[in-house]
Each structure stands twice: as C-alpha cells, then as structure tokens.
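A.B. asks: here is a sequence together with a model predicted from it:
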Amino acid sequence: MVSLKDISKACGVSVATVSKALNDHSDIGKDTKERIREVAEQLGYRPNAAAQALKTNRSNNIGVLFVDEANSGLTHDYFNHVLDSFKRTAEENGFDITFINGGKARINNMSYLSHAIYRGFDGVMIACVDFTDPEVDELVRSNIPVVTIDHFFYNRIAVVSDNVSGMNELVRYVYEQGHRKIGYVHGMESSVTQNRLSSFYKTLQDLDVEIPDEYVIASPYRDTDAAFAATNKLLNLKDPPTVIFYPDDVASFGGINAIRQRGLSIPDDVSVVGYDGIELVGRISPRLTTCVQDTEKIGRMAAIKLIDLINNPKGTLIEQVVVSGKLEPGQTVKKIN
C-alpha cells in the first residue's frame, strides 16, 4: 500500500505537509495541494479507513438490520427495492452499508447493539424485523442514530408508507365497482397490519357497509400456502365475498390459485386485490389490482434522514415521514351493476 511517506518522497515535501494537503488544511497553498493530490492519485494512494475512523470518530458506515419472518433476505419482492434505493443514496453521500447479522449467522452470538458497536456504525436503519424483540428495543434505545421503516418508535425517526390512505383508496375503489361483500385476508400483527385493518374497517363504516366477522382472516405476509387456505375458507362460506383483499401481492398469488382450482374465473366470479405493486404484477394476466408503494422514495428518505441525524444530531427533527402510494386499478376487480 502507498503511504504518506511515499508521497512525501515523490513530492519532495514533509509527511506533515502531505497529510495537511490531503486533509485540505488552510495553511497549505492551493498549488501545493493540487500537486500532492495529483501525485497521490498517480501512486494509487487510498486512505486507511480504520485510521480515519480513529481520527474522526466516524466510520462512514451504516448498519442495516433486516430480518423478515420468511428469511427471504434480498430476494424480498418489496423490501429489496427499498434497500436498493437506501444503498444508492447512502453511497452517493459517502457512506457504505453493512448488514447486521441475524439468527444463526451472528458473530459470537452478539446482540444487535453489540454488533453495531463492534462494527462502529455511525447509524442504523431497521426494517422488516420483529419490532417486539428485546434486542431490537435495546438497539433503538441506544445512543446510535436510528431510522426505522414501516414502524413507529417513540423519539425515533420513521419512514412509513401511507397504509391508511392506501387501504382507504382500495376499499373505495371496489365499492365504486359495486362490491359490498368484501373479504380481507390480512397480515399478522404489526403496525402496518393494524393501520391497514383499521383503515379497512373505518372506510367500510364511512361507506355504510357491514361485513360479517368471518370475512376477515389473519394470514402471514408473503405466504402463498396460507393465503390459499384462507381463500378456500372464504369461498366455502354460505354467502362468500365477491372480492378478496390480500396482505400483499405475493400472498394474492396463493389466493388466485385457490380460486382457479375451483374452476372459477378472475374477476368474473371472484375479484382479487393485492398490496405493494411489485414488478411481477404487471406481467401476469389479468393484471392485479393493487396499491403501488413508492419503494424508491421510502429508501431514499430513510437514507437522507439517517445521514442528517448522523451529521447534525442536535438540529435534525425527529419526525415520521409518510410516503404516499398510488392505486393501480389493474384488471382483477369486476364492475358489478
């Protein structure tokens, strides 16, 4: 590796002068700085990250805690786009990202907080974890700057999709298409689920629509088998719903399979509604009716807010950033006369 001493020898100046030039000190002339930097570039000099971290007390490294219940990792159809946007924005601002090990992959069974301290992260982004996990709570309550995605913590910045408005728009859309028998296979307990479920019921109340309790079934996110079983349960009812909402687009595929295995047609016999707007829904036929979440903006805002918090901890507003989605009408909801 090229050292400061190598550069000083090539330039005929002291090591101290090289160090000051590379760190843009004001007591070094402009021409000298430029010459030293040119030589450093020609020699292939790269500053030592560990040494810089010691000197600045900054690692320029952000930790990402992402452990979804299905263990899908970076193949997650929704969060992979959020994480990609987060990564690109962080890198554009001079930060690297490192994933915090979860499950059996942990180093020496370190807690999330211990791993973050061990790696010297300047901040941490948390997404798609069990937010009731005591280790997650420990990390959130630490002094490390934290931003969460799709979950609210007191006194922490959160970036969330507008699940309330998204669900309201979907319910009103199927209502306008004439549907009154509306079923909902919703996700398991989480703040996202609670917001969507509350919005679902509130919108139905505003529209003066009553549905039986058996029209609403809990099912894990992104679980096609569970959605398949829940759909059969709904269709076995004496008076089944004419439209079924699903917790996400992936789960809706399980519902679609159940409907088709009965020899029923979508949307002529049963209408279907997803959530997320993953890329695949535009490639299936009929095209799925869904709410498209703005994954690009969610990831970008999470990175911007976290970097602001790292660079300006006292002057950064602790807030909840709500990102709107949009309705994709698709072709899976039939208009009932």
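C.D. replies: Sure thing, it's come through. Residues are numbered from 1 along each chain as shown.
A.B. asks: mind showing which ranges of this protein have poor pLDDT?
C.D. replies: Counting by pLDDT under 70, the chain has low-confidence residues at 47-58, 68-75, 102-108.
A.B. asks: which parts of it are helices?
C.D. replies: 4-11, 15-22, 30-43, 49-56, 79-92, 112-119, 134-140, 163-176, 191-206, 224-235, 249-261, 295-311 (DSSP state H).
A.B. asks: excluding chain neighbours, what is closest to residue 260?
C.D. replies: residue 266 (7.2 Å; C-beta to C-beta, 6 or more residues apart in numbering). Heads up, the C-betas are built off the backbone N, CA and C, glycines and all.
A.B. asks: pretty sure that neighbour sits against residue 257.
C.D. replies: No. Residue 266 lies out of contact with residue 257 (C-beta atoms under 8 Å); the separation is 10.5 Å.
A.B. asks: if you count what's nearby, which of the two comes out ahead?
C.D. replies: For residue 266 and residue 257, the more surrounded residue by other C-beta atoms under 10 Å is residue 266, and the numbers stand at 20 against 15.
A.B. asks: list the contacts for the more buried one?
C.D. replies: Neighbouring residues of residue 266 by C-beta atoms under 8 Å, 6 or more residues apart in numbering: 256, 259-260, 272, 286, 332.
A.B. asks: from these, list just the buried residues.
C.D. replies: Burial by neighbour count, judged by 16 or more other C-beta atoms under 10 Å, picks out 256, 259, 272, 332 from those.
A.B. asks: from residue 121, how far off is the second one?
C.D. replies: Translated: residue 259. Counting by C-beta to C-beta, to the nearest Å, the separation of residue 259 from residue 121 is 46 Å.
A.B. asks: kindly report the same for the last one.
C.D. replies: With distances defined as C-beta to C-beta, the gap from residue 332 to residue 121 amounts to 43 Å.
A.B. asks: equivalent analysis for the third one, please.
C.D. replies: Counting by C-beta to C-beta, the gap from residue 272 to residue 121 is 42 Å.
A.B. asks: doesn't residue 163 make contact with residue 324?
C.D. replies: No. The pair residue 324 and residue 163 fails to qualify as a contact (C-beta under 8 Å) at a distance of 10.5 Å.
A.B. asks: so the two - more neighbours on which side?
C.D. replies: Neighbour totals were compared for residue 324 and residue 163, and residue 163 leads with 23 against 13 (other C-beta under 10 Å).
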